[in-house]
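1. Sequence first, predicted model second:
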Amino acid sequence: MSKRRAIGQLRTHACVAALLALSPAPALAQEGGQWPPSATSETPAPGGEHDLQAIAAADAAIGDRQVYTPADFARYAPRTALDMLRNVPGFSIEQESRERGLGQASGNVLINGQRISSKSSNATDQLGRISAADVIRIEIVDGSTLNVPGLSGRVANVVARSGGMSGRFEWRPQYATGGAPARWSQGDISLSGKAGKLDYGLSLRNNSFYGGGNGPNLITSAQGELDARYNENGSKMNRPTLGANLRFNLGETQANLNLSYGWQIFRSREDEYRTDPALTPLLEQLRTRNNGHFYEVSGDIEFPLGPGRLKLIGLDSFETSDFRTRSRLSIDDGRPDIGTRYTRGSDEGERIGRAEYRWNLWGADWQVSTEAAFNRLDNVAALYFLNPAGDYVEIPFPAGTGGVREDRYEAILSYGRPLTGNLSLQLTGGGEYSRIAQTGSNALARIFWRPKGSLNLAWSPSEGLDISFEVARRVGQLNFGDFLAAVNLSDDNTNAGNNQLRPQQSWEFELEASRDFGAWGSATLTLFENRIEDYVTVIPVNGGLESSGNVPSARARGAQLKGTWRLDPLGFAGAKLDVNVQLEKSRLDDPVTGIPRSFDRARTTNIEINFRHDVPNSDWAWGTEFRHSEFAPYYRVAEYGYDYNVPTFAAVFAEHKDVFGMTARVRVANLLHGGALLDRYVYAGPRDSAPFLFREDRRRNFGTIFNLTLSGSF
């Protein structure tokens with residue numbers, strides 16, 4: 001008899017009962033290139049009049065800067081602007097926030113001085129479509145000095161011309177020895193060019209994930225009885241996406257149109273069988289699939305109006321999902337199988353309209369922005385249990401079906417100006433109104449008013465040293481799925497749904513100091529503290545159930561040091577070390593025990609050290625990767641434990657920059673045999689008072705992972 005599965009089935013039945021009751025680049029790598037880069041550089045002649053206008057606009061938006069030219073990246077033989085930016089010393093790409101509308105700019109990348117207004121296409125996607133041959137320069141500047149409200153810290157502005165028609169491709173197959181299916185389908189191909197006043201980019205990409213592992217699973221009861229199992233799983237996810245980016249330049253008027261459409265296909269399997277011959281044989285099976293499609297249409301237009309410029313932005317996105325999962329426990333003692341099936345069909349959409357008007361007055365940059373966002377989620381869920389005849393029979397599950405709507409309106413005024421020759425200020429303030437309404441068995445509508453804003457100071461006390469400070473009041477985005485009930489068959493857990501959820505708010509403080517060490521490289525140190533109200537975590541709810549809910553307050557603080565150290569001054573030409581160290585400490589009062597603890601699954605420590613050597617006067621490069629991470633436990637009402645993958649990781653790679661005109665990279669990863677760990681402790685009820693039931697200690701091995709990357713231009 002499987003104590004874990006039997007107990008899990010009883011818990012799932014009990015939860016459901018309670019719910020019912022509650023209702024091209026150069027091929028040859030070069031050693032040359034000025035390092036460190038010059039503070040200023042000559043701009044090559046762009047391709048046309050609208051290139052001149054775009055570059056002039058980018059120049060006007062940028063203050064003091066550190067400039068990298070294509071010659072600074074020659075040793076890497078980059079294919080795209082993305083390849084270049086990834087090799088800027090001490091800089092790592094932070095993607096734009098995708099959680100709450102469009103809002104003010106986020107992330108740390110601009111293209112020709114402009115933020116990315118699409119949500120489905122991020123900085124990495126768009127930089128990967130810009131040929132390295134079209135990049136004029138990359139500028140690193142403090143975001144607080146820009147007339148782009150919302151940016152702070154080190155920001156990269158990629159200045160590029162419009163080139164002729166060109167194409168790029170990348171193929172990334174993978175093979176792992178630990179049970180994951182071989183992956184052949186990941187890669188992307190893009191075509192870009194110019195036709196008159198139109199710049200265009202077309203792309204087809206597949207972001208895929210193939211994973212899997214196997215290993216022992218030991219289940220120990222409260223009485224100390226051991227149930228030894230063997231667990232193996234595999235999963236495949238493909239997300240092919242067609243995209244188009246169109247940019248129109250009509251003199252002082254500029255417009256962009258972004259289109260994307262794609263599909264998601266997900267499959268996973270998990271099998272677990274008993275290995276102890278003294279116990280009755282059993283087999284547990286879990287099968288999951290999730291299919292759907294999605295699209296996004298977004299665009300913007302900017303033109304002069306009165307003393308300033310007006311920018312209008314619109315976005316419409318939609319995603320549908322058909323999720324199905326089923327579990328089955330077979331015990332070889334003649335009793336009927338035990339099983340559960342859960343299905344959920346969901347439609348999720350977002351529509352946004354935004355206006356930004358900026359002008360210069362009294363020696364300062366001003367901007368007023370307004371935004372209206374309309375989010376929606378519609379769910380239809382069903383739950384089935386396996387009867388003795390072997391058929392899945394549906395039972396009522398009304399709490400899993402319903403909808404959520406949020407209508408949100410925001411207005412922000414920003415003000416920025418230099419205070420002295422080396423000190424600048426950016427100040428924003430405003431607020432938002434939102435109405436959240438839930439339909440279904442627990443219908444409820446609520447209204448929220450939230451203040452928002454930020455203060456940014458950027459200071460350059462000496463050449464090569466930049467310091468910035470930001471304090472911001474922000475509002476988080478809720479996961480609409482948390483309003484409705486849901487079942488997780490993998491862990492035998494049920495979320496009851498919570499129509500009382502509130503968006504969390506936070507005061508966020510950040511101090512960042514960046515230092516340029518000349519020929520040695522550069523480093524950035526960031527200190528942060530977040531003070532959060534209405535923090536979202538799993539809490540007890542009525543009827544002895546659990547769901548996502550709010551706790552009054554929480555806090556997180558930490559530090560990050562990232563930098564690049566070039567080893568050329570030590571006589572190791574072409575070699576560098578990239579280091580990223582992150583430390584974080586978080587705290588909230590546990591909603592079950594009242595005892596302070598960390599955030600669920602928080603990454604408390606992360607150390608990354610990557611070495612790369614581009615062999616001078618050759619097309620060869622090689623290197624190593626190392627990462628070590630430590631994680632906090634997760635907590636639910638009736639259990640807690642650790643659940644994470646590969647705490648310590650190592651890899652080696654070799655790269656050749658001209659294999660029949662392509663760049664080829666071979667990588668051997670997971671050399672330290674990292675895997676997935678699940679170590680959980682389960683109770684019969686709230687873990688502060690209910691009896692202990694069992695411990696599950698599962699270890700899956702991923703094996704050695706082999707990657708090949710082929711990239712080229714046409």
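-> That came through, no problem.
2. Every contact and neighbour count from this point should use C-alpha atoms.
-> OK.
3. shaky segments in this structure?
-> Applying pLDDT under 70 to the chain picks out residues 1-64, 95-100, 103-106, 117, 119-121, 144-145, 147, 150, 152.
4. can you map out the helices along it?
-> Secondary structure of the chain, counting by DSSP state H: helices at 3-21, 49-61, 81-85, 123-127.
5. ok, now how distant is residue 112 from residue 601?
-> The gap separating residue 112 from residue 601 is 38 Å, by C-alpha to C-alpha, to the nearest Å.
6. no no, residue 713
-> Counting by C-alpha to C-alpha, the gap from residue 713 to residue 601 is 41 Å.
7. now residue 177
-> Counting by C-alpha to C-alpha, the gap from residue 177 to residue 601 is 27 Å.
8. What's the end-to-end length of stretch 166-175?
-> Start and end residues of stretch 166-175 are separated by 31 Å (C-alpha to C-alpha).
9. So what touches that stretch?
-> Applying C-alpha atoms under 8 Å, 6 or more residues apart in numbering, the contact partners of stretch 166-175 are 24, 129, 131, 181-193, 705-714.
10. With stretch 668-680 instead?
-> Residues contacting stretch 668-680 (C-alpha under 8 Å, 6+ apart): 213, 639-653, 695-707.
11. Could you list the buried residues of it?
-> Within stretch 668-680, the residues that count as buried by 16 or more other C-alpha atoms under 10 Å are 668-670, 673-677, 679-680.
12. Stretch 495-507 now?
-> Buried residues in stretch 495-507, counting neighbours by 16+ other C-alpha under 10 Å, are found at 495-499, 501-507.
13. Identify all contacting residues around that stretch.
-> 15, 19, 399-400, 438, 442-444, 471-478, 482-487, 530-536, 541, 545-550.
14. if we go to 7 Å?
-> Identification of contacts with stretch 495-507 by C-alpha atoms under 7 Å, 6 or more residues apart in numbering yields 19, 442, 444, 472-478, 482-487, 530-536, 545-550.
15. Let's see which of the residues you listed end up in strands.
-> 444, 472-475, 486-487, 530-536, 545-550 (DSSP state E).
16. could you flag which of the residues you listed are buried?
-> 472-475, 486-487, 530-536, 545-550.
17. Give me the more crowded residue out of residue 112 and residue 601.
-> Between residue 112 and residue 601, counted using other C-alpha atoms under 10 Å, residue 112 has the larger neighbour count: 21 against 16.
18. So the more buried one sits against residue 157, correct?
-> Yes: between residue 112 and residue 157 there is a contact at 6.4 Å, judged by C-alpha atoms under 7 Å.
19. Please pick the buried ones from the contacts of stretch 166-175.
-> Buried among the contacts of stretch 166-175 by 16+ other C-alpha under 10 Å: 24, 129, 131, 181, 183, 185-193, 705-713.
20. quick one on the thing from earlier: between the buried residues of stretch 495-507, which sits nearest residue 88?
-> Closest approach to residue 88 among the buried residues of stretch 495-507 (C-alpha to C-alpha): residue 507, at 31.0 Å.
21. and that closest one, how far is that from residue 533?
-> Taking C-alpha to C-alpha, one finds residue 507 at 9 Å from residue 533.
22. can you check residue 408 too?
-> 20 Å.
23. ok, and the closest non-adjacent residue to residue 73?
-> Counting by C-alpha to C-alpha, 6 or more residues apart in numbering, residue 73 lies nearest to residue 84, which is 6.3 Å off, once chain neighbours are set aside.
24. do you know how far the one you found is from residue 139?
-> For residue 84, the distance to residue 139 equals 12 Å [C-alpha to C-alpha].
25. do residue 446 as well
-> Applying C-alpha to C-alpha, the value for residue 446 to residue 139 is 45 Å.
26. Looking at the two, which one has more neighbours?
-> Between residue 446 and residue 139, residue 139 has the larger neighbour count (other C-alpha under 10 Å), namely 26 against 14.
27. contacting residues around that one?
-> 65-68, 156-158.
28. Count the residues that sit near the nearest residue in space to it that is not next to it in sequence.
-> Nearest residue to residue 139, sequence neighbours excluded (C-alpha to C-alpha, 6+ apart): residue 67, at 4.6 Å. By other C-alpha under 10 Å, 19 other residues sit near residue 67.
29. Now, the buried residues of stretch 495-507 that are in strands?
-> Among the buried residues of stretch 495-507, the ones falling in strands (DSSP E) are 495, 505-507.
30. Can I get those residues in CSV including distance to residue 225?
-> Below are those laid out as CSV (distance: C-alpha to C-alpha, whole Å):
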residue, distance to residue 225
495, 29
505, 46
506, 46
507, 49
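31. which one of these sits closest to residue 574?
-> Distances from residue 574 to those, taken by C-alpha to C-alpha, are shortest for residue 507, at 43.1 Å.
32. any idea how far the closest one lies from residue 671?
-> Distance of residue 507 to residue 671, computed by C-alpha to C-alpha: 41 Å.
33. and what of residue 375?
-> Applying C-alpha to C-alpha, the value for residue 375 to residue 671 is 44 Å.
34. same check, this time on residue 234
-> 20 Å.
35. so residue 473 touches residue 455, yeah?
-> No: the criterion here is C-alpha under 7 Å, and residue 473 misses it with residue 455 at 9.2 Å.
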